[in-house]
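Peer 1: Based on what follows, work out the 3D shape:
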Amino acid sequence: MADLLKIADVLEKAAAVLDGNEAEKTAADKSTREATAKSLTEKYAAATGEELPQEIAVKLAAGDQEVLKTVQTIVEKTAGVVESLGRSSERSDNTARPVTKPERAKAAWDRFGTFVNS
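Peer 2: Predicted coordinates for the structure are as follows:
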């Protein structure tokens, strides 16, 4: 009978250790998800200028880690800073536009020369 009590005591201690390890793992996962959800809400606010609704932020923090990573990847790809792809189409110079064919030809050669020399 004493042996059975010793075995039961060992099993209880093992269960306590396993429960403690599981609780630590769960707490670490939860803190990681919350940090990722917080960064997503900040990126959303930076990209749109609006705050992410609290209900959605809570759902993101409580969701699966893979879903959170997928959403984070999408946000990182689409919420980046948009770089200019060219210049404005408005003419900044106030010079008169060439009207006749020789004026247009001269303006074209001038633009070509500026392009080649720059």
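Peer 1: need the next SSE after the helix or strand of the chain with the lowest mean pLDDT, C-terminal direction.
Peer 2: Lowest mean confidence among the helices and strands of the chain (mean pLDDT, DSSP states H and E): helix 65-78, at a mean of 78. Note on helix 65-78: by DSSP states H and E, the next helix or strand toward the C-terminus is helix 101-117.
Peer 1: Tell me which residues are up against that following helix.
Peer 2: Helix 101-117 has contacts (Cβ atoms under 8 Å, 6 or more residues apart in numbering) with P98. No exception for glycine: its C-beta is placed from N, CA and C like everyone else's.
Peer 1: what mean pLDDT does the strand or helix carrying A47 have?
Peer 2: Secondary structure from DSSP H and E places A47 in helix 2-48. Across helix 2-48, pLDDT averages out at 81.
Peer 1: That one versus helix 65-78: what angle between them?
Peer 2: 20 degrees (axes from the mean of the first three to the mean of the last three Cα atoms, to 10 degrees).
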